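Could you look at this predicted model? Sequence included:
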Amino acid sequence: MRFETEVADINKDLRINEQILRGPRETRVRDVRVIDENGQALGIMNVRDALALAQEKGLDLIEVAPMAQPPVCRIGDYGRIKYEQTKREREQQRKQRQQGEVKDVRIDPRSGMISDHDLQIKVKHIARFLQEGNKVKVTFRFIGRGITRPELGKQTMERIVQQLADCAQVERPPVLEGKQLIMILSPKTSA
């Protein structure tokens with residue numbers, strides 16, 4: 001029983017072997033375009049004949065393009081094809097994460113201004129994030145009555161931009177949003 005549910009979870013997107021033959025009435029087909037394990041097109045043939053050919057070779061008949069007319073089926077090892085598909089999807093997700101990641105650096109001054117050493121550490125972190133190819137959102141949070149002096153936060157943001165002039169460009173200048181001053185930096189493009 002457990003094995004059947006696992007197979008059902010795996011087969012959400014690809015139908016294999018008997019599933020192609022005995023699917024719901026609206027998805028049943030008579031003829032399919034068959035591609036062998038080497039990628040050679042064998043032409044259009046009856047589903048039963050294609051299934052017999054796959055079983056003769058000790059492989060699976062896998063429906064790879066169900067919306068095509070006629071549907072396209074491939075002869076191959078289902079486990080291997082599923083593994084390669086998940087591997088491609090993981091790689092795609094990893095690349096997408098690398099391109100769009102935004103790191104967050106917060107500055108919380110207690111007495112209005114931040115000390116030079118603390119600012120140097122924040123600048124080093126920002127520079128490292130930018131070198132990794134990430135965008136950086138710098139947030140200067142005003143605490144208590146600090147909001148009455150927003151120019152101190154803007155001065156701090158300008159100091160950060162000056163220190164990172166060689167590796168960063170300002171994508172979004174400092175904007176006051178509530179009790180926070182927010183600026184977004186991106187890696188400098190070499191164009």
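Okay, I see it.

Point out where this protein drops to low pLDDT.
Low-confidence segments of the chain, defined by pLDDT under 70: 1-13, 23-27, 97-100, 111-113, 190-191.

Can you give the domain ranges for it?
2-94, 101-187 (automatic domain parsing).

In TSV: those domains, plus mean neighbour count.
Yep, even glycine has a C-beta here, placed from its N, CA and C like the rest. Shown next, in TSV, are the domains of the chain (neighbours: other C-beta atoms under 10 Å):
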stretch	mean neighbour count
domain 2-94	14
domain 101-187	15
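
Partner strands of the helix or strand encompassing Cys73 and their direction?
Assignment of secondary structure by DSSP states H and E places Cys73 within strand 72-76. Here strand 72-76 has these sheet partners by DSSP bridges: strand 31-35 (parallel), strand 60-65 (antiparallel).

Let's see the last one as CSV, backbone CA atoms only.
What that stands for is strand 60-65. Provided in CSV are the C-alpha atoms of strand 60-65 (Å, rounded to 0.1, in the frame of the first residue of the first chain):
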residue,chain,number,x,y,z
ASP,A,60,9.9,1.8,-19.7
LEU,A,61,7.6,3.7,-22.0
ILE,A,62,7.5,7.2,-20.7
GLU,A,63,5.1,9.9,-21.9
VAL,A,64,7.2,13.1,-22.2
ALA,A,65,4.9,15.4,-24.2
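
what does that strand rub up against?
Strand 60-65 is contacted by residues 14-17, 19-20, 32, 34-35, 47, 50-51, 53-54, 71-78, 81 when judged by C-beta atoms under 8 Å, 6 or more residues apart in numbering.

For the residue nearest to the spatial centre of the chain, which three-state class applies?
Nearest to the geometric centre of the chain sits Gln93, at 2.9 Å (C-alpha atoms, centre = their mean). Remark: Gln93 carries the secondary structure label helix [criterion: DSSP: H, G, I helix; E, B strand; the rest coil].

Quickly note the distance from it to Thr86.
Distance of Gln93 to Thr86, given as C-beta to C-beta, to the nearest Å: 10 Å.

just to revisit the earlier point, for Leu42, find the nearest of the strands paired with strand 72-76.
strand 31-35 (4.3 Å; C-beta to C-beta).
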